[in-house]
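Visitor: prediction below, plus the sequence it came from.
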Amino acid sequence: MSFTQADILKALSTVEDPDFKKDLVTLGMIKDVTVSPESVSFTVVLTTPACPLKEKIRQDCEDAVDKVVGANVAINIKMTSSVTTLRDNAPLLPGVKNIIAIASGKGGVGKSTVTTNLAVALAQSGAKVGLIDADISGPSIPVMFNCEFEQPSVKQVNGKNIIIPIEQYGVKLISIGFLTPPDSAVVWRGPMASAALKQFFSDADWGELDYLLIDLPPGTSDIHLTLVQTVPVTGAVIVTTPQKVALADANKGMSMFRQQQINVPILGVIENMAYFTPEELPDNKYYIFGKGGGQNLAEKYNVPLLGQVPLVQSVRESGDSGLPAVLKEGVTADVFKDLAKTLARQIAIRNANFTQTQRVELKV
Ligand SMILES: Nc1ncnc2c1ncn2[C@@H]1O[C@H](COP(=O)(O)OP(=O)(O)OP(=O)(O)O)[C@@H](O)[C@H]1O
């Protein structure tokens, strides 16, 4: 059976990306098609290395080409990725493709734990990831990354001090906690904290990043406003636990991002401590904080429930010991890896469907 490059492209134009509902050729996801009588090779460029549909898309491509070339021709498919962005030409941090705010209504719902594991999982998938810990209420990221006694170094660029983020587990990070000695009781005033956050954007060497996650303080605060006024935020994620008191506060967090003047798209809800499970009996689930709260919140705001993270003793131990749970083999690690894939997918969908978020101009 003879075939040309055009035949292969025609075959691949029958393969649809399930998220974007368009074919891969139209989406520009097929590159470098080469043909010979014995083989066909091409590259599929996904919108994120953490693509949960990677294997399905690869298989669909193989099946489509197989029908055209016949059984004796080798099909070589290279799966690669280029994370999408709406931040091209952004005045601040143009090398950062997506800025993701991680927020919660109530304190202690596990926002930093989730952010830490998401960041590491995204980095493990091959993405370039940064993390800003802006949680002045208790910056816990340095402990969770086992770098609480480290200090980021500073370099001089054109007479200006530029902070070099610390790199741990493949994630570049800066924490507001690095600015204070670990045991000192610094009470951050709003303007001080806001100035520090601005500096993390304007005077830090982030280089090229696919995802920059921002761990925000619980509730709604000056820091939230500073964030949306300083950079256009790609989207926000709300972390909550299932009980009523947490959900009530999560509602407020949602509403803040949805306010007309702020208007940051909500990428979804993460329900942490969704149920307790003993590590050795992962099928036993005890809904100690109630059931279905995260789902109800997501439905109310018409956003996806990105995932449910169980309450597991080892997650707390991992956080305290500075070795994130996602780095260990097991069911909990898989939960965080799936969560990272779902988030990356929502970011890609958001970038395909929305226009750029604007930096917020508030009269204060
Ligand atoms: N899924 C989980 N299973 C077990 N322990 C958890 C889980 N999620 C969080 N924790 C533990 O709960 C405590 C609070 O978590 P974390 O510091 O992440 O919350 P937070 O919402 O960021 O708090 P803050 O209000 O300080 O911002 C930590 O000790 C953490 O290890």
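Guide: That came through, no problem.
Visitor: neighbours of residue 291, how many?
Guide: 14 (other CB atoms under 10 Å). (Each C-beta comes from the backbone N, C-alpha and C, glycine too.)
Visitor: equivalent analysis for residue 247, please.
Guide: Residues lying near residue 247 (other CB under 10 Å) number 21.
Visitor: how close does the spatially closest residue to residue 323 that is not a sequence neighbour sit to residue 211?
Guide: Nearest residue to residue 323, sequence neighbours excluded (CB to CB, 6 or more residues apart in numbering): residue 146, at 6.7 Å. Distance from residue 146 to residue 211, counting by CB to CB, to the nearest Å: 21 Å.
Visitor: and what of residue 290?
Guide: 31 Å.
Visitor: quick one: which of these two has more around it?
Guide: Higher neighbour count among residue 290 and residue 211: residue 211, with 27 against 16, using other CB under 10 Å.
Visitor: what is the burial count for residue 48?
Guide: As a burial measure, residue 48 scores 28 neighbours (other CB under 10 Å).
Visitor: that one contacts residue 83, doesn't it?
Guide: Yes - if you go by CB atoms under 8 Å, residue 48 and residue 83 touch, sitting 5.4 Å apart.
Visitor: any shared contact partners between those two?
Guide: 127, 210, 344, 347, 348 (CB atoms under 8 Å, 6 or more residues apart in numbering).
Visitor: got a list of what the second one touches?
Guide: Yep, that's residue 210 we're talking about. By CB under 8 Å, 6+ apart, the contact set of residue 210 is 48, 49, 83, 97, 98, 122, 127, 128, 129.
Visitor: likewise for the third one?
Guide: The contact partners of residue 344, by CB under 8 Å, 6+ apart, come to 48, 49, 50, 51, 52, 83, 122, 125, 127, 211.
Visitor: show me which of the residues you listed is closest to the ligand.
Guide: Of all the contacts of residue 344, residue 122 has the smallest distance to the ligand: 17.2 Å, by CB to the nearest ligand atom.
Visitor: the closest one sits in which helix or strand?
Guide: helix 111-124 (DSSP states H and E).
Visitor: which helix runs longest in this structure?
Guide: When the chain is parsed with DSSP state H, its longest helix is helix 331-353.
Visitor: alpha carbons of it, as CSV, please.
Guide: Below are the C-alpha coordinates for helix 331-353, written out as CSV (Å, rounded to 0.1, in the frame of the first residue of the first chain):
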residue,chain,number,x,y,z
VAL,A,331,-2.2,5.3,46.7
THR,A,332,-1.8,8.8,48.1
ALA,A,333,0.9,9.7,45.7
ASP,A,334,-1.4,8.6,42.9
VAL,A,335,-4.2,10.8,44.1
PHE,A,336,-1.9,13.9,43.9
LYS,A,337,-0.5,12.9,40.5
ASP,A,338,-4.0,12.5,39.2
LEU,A,339,-4.9,15.9,40.7
ALA,A,340,-2.0,17.5,39.0
LYS,A,341,-3.1,16.1,35.6
THR,A,342,-6.6,17.3,36.1
LEU,A,343,-5.4,20.7,37.0
ALA,A,344,-3.1,20.9,34.1
ARG,A,345,-5.9,19.8,31.8
GLN,A,346,-8.2,22.6,33.2
ILE,A,347,-5.5,25.2,32.6
ALA,A,348,-5.1,24.0,29.0
ILE,A,349,-8.9,24.2,28.5
ARG,A,350,-9.0,27.6,30.1
ASN,A,351,-6.3,28.9,27.8
ALA,A,352,-8.1,27.5,24.8
ASN,A,353,-11.5,29.0,25.7
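Visitor: now the angle between helix 111-124 and that helix, please.
Guide: Computed with axes from the mean of the first three to the mean of the last three CA atoms, to 10 degrees, the direction of helix 331-353 lies at 80 degrees from that of helix 111-124.
Visitor: elements contacting the next helix-or-strand element following the helix holding residue 122?
Guide: Next in sequence after helix 111-124, counting helices and strands by DSSP H and E, comes strand 129-133. Contacts defined by 3 or more CB pairs under 8 Å, 6 or more residues apart in numbering; DSSP states H and E place strand 129-133 against helix 111-124, helix 141-144, strand 171-175, strand 211-215.
Visitor: still on that earlier bit, the helix holding residue 122 to strand 211-215, inter-axis angle?
Guide: If you take the same axes, to 10 degrees, helix 111-124 sits at 170 degrees to strand 211-215.
Visitor: buried residues in helix 111-124?
Guide: Using 16 or more other CB atoms under 10 Å as the test for burial, helix 111-124 gives 111-124.
Visitor: run the chain-centre distance for the longest strand anywhere in the chain.
Guide: For the chain, the strand reaching the highest residue count under DSSP state E is reported as strand 266-276. Per CA atoms, centre = their mean, to the nearest Å, the displacement of strand 266-276 from the mean C-alpha position of its chain is 14 Å.
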